[in-house]
Structures are given as structure tokens and as C-alpha cells.
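[1] Sequence and computational prediction follow.
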Amino acid sequence: MNSKHMQIGEVAARTELSLRTIRHYEETGLVVPSARSQGGFRLYTETDVARLMVIRRMKPLGFTLDQMRDLLDATDRLDNEPGLDTDEHEALLERVREYEQSATEQVDKLRVQLTRAEDFAETLRTRLHQAAPATS
């Protein structure tokens, strides 16, 4: 990924997260700006944006901040520590597999909820259509 730096406003627009949310994720240690400008403004890279997108995608699936931190730690180590021994590498992969399984289960639950919501909306449309006065 390139090293072009972006200020927090551009990152917020790209990730569709509020400035407040990005700052909260910084305060909780989930994301750390790659640099600061001479004026002290937070500066982010594409890697930081990608990290925020992972967090944004985990949030609606009900993952906690600690779970987000744990997954990001595992993926960071897999990506940045080429000298991991086989057992440690496999343990990290297993952590990621568990999150993938959990995410898949949550997506399935959300699909059921969405289907129920769509059925309800269709029931209301049908009721409105049936109750509407006939026009000539």
C-alpha cells in the first residue's frame, strides 16, 4: 500500500466513520495514526484505512472492542512477523478461523432477520393494497 498520508477528515469520508468514532478507536488502541503533521494533526495511510474498514465491518456483527483488538493482533502478526515458528503461526491462523466462523454465523442470523423484516414489509404492502379504495 502506498504511504500517502491523509488527515482524519479524508479518512472519515473514505471509511464512512465519524471523526468521533475514529478518535474513539484511537483512544482504545484499535488504530493508531501512522504519523502526525507538524501542527499535530493525525495522519493516516492506506494501511490505517484498511484497518478501520475491518473494524467497521466487525461492528455490525456484534464483535466487541476486545475481539476486534484480538483479531487485528493476530492478522498483524501473521502479516508482519515472517519468522513465526510453525506452532505459533498455526495458533494465529486458528484464531482467525474462529473469527471467520463467528462472522459467518452472525451473517446467517442477520439474513434470517432480514428475511423476516422483508416479509413483514410485504405483509404491510399487501394490507395497504387491500384496504385502498378502488379507483375507476
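    Now that the structure is in, tell me what you want to look at. Residues are numbered from 1 along each chain as shown.
[2] all contacts plus neighbour counts: C-alpha atoms, from now on.
    Will do.
[3] For the helix ranked longest in the chain, the averaged confidence score.
    Longest helix in the chain by number of residues, with DSSP state H as the criterion: helix 86-131. Averaging pLDDT along helix 86-131 yields 97.
[4] And stretch 8-20, by the same measure?
    Per-residue scores along stretch 8-20 average to 96.
[5] do the same with stretch 66-77
    96.
[6] Nearest residue to Tyr99 in space, please, no chain neighbours.
    Distances taken as C-alpha to C-alpha, 6 or more residues apart in numbering place Leu71 nearest to Tyr99, at 7.3 Å, with adjacent residues excluded.
[7] any idea which helix or strand carries the one you found?
    helix 65-80 (DSSP states H and E).
[8] Can I get that helix in PDB? Just the C-alpha atoms.
    Below are the C-alpha coordinates for helix 65-80, written out as PDB (Å, rounded to 0.1, in the frame of the first residue of the first chain):
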ATOM      1  CA  LEU A  65     -13.600  -4.000  21.000                       C
ATOM      2  CA  ASP A  66     -11.500  -6.700  22.700                       C
ATOM      3  CA  GLN A  67     -12.400  -9.200  20.000                       C
ATOM      4  CA  MET A  68     -11.600  -6.600  17.300                       C
ATOM      5  CA  ARG A  69      -8.200  -6.000  19.000                       C
ATOM      6  CA  ASP A  70      -7.500  -9.700  19.200                       C
ATOM      7  CA  LEU A  71      -8.300 -10.300  15.600                       C
ATOM      8  CA  LEU A  72      -6.200  -7.300  14.500                       C
ATOM      9  CA  ASP A  73      -3.300  -8.500  16.600                       C
ATOM     10  CA  ALA A  74      -3.500 -12.000  15.000                       C
ATOM     11  CA  THR A  75      -3.600 -10.600  11.500                       C
ATOM     12  CA  ASP A  76      -0.900  -8.000  12.200                       C
ATOM     13  CA  ARG A  77       1.400 -10.800  13.500                       C
ATOM     14  CA  LEU A  78       0.600 -13.000  10.500                       C
ATOM     15  CA  ASP A  79       1.400 -10.200   8.100                       C
ATOM     16  CA  ASN A  80       4.400  -8.700   9.800                       C
END
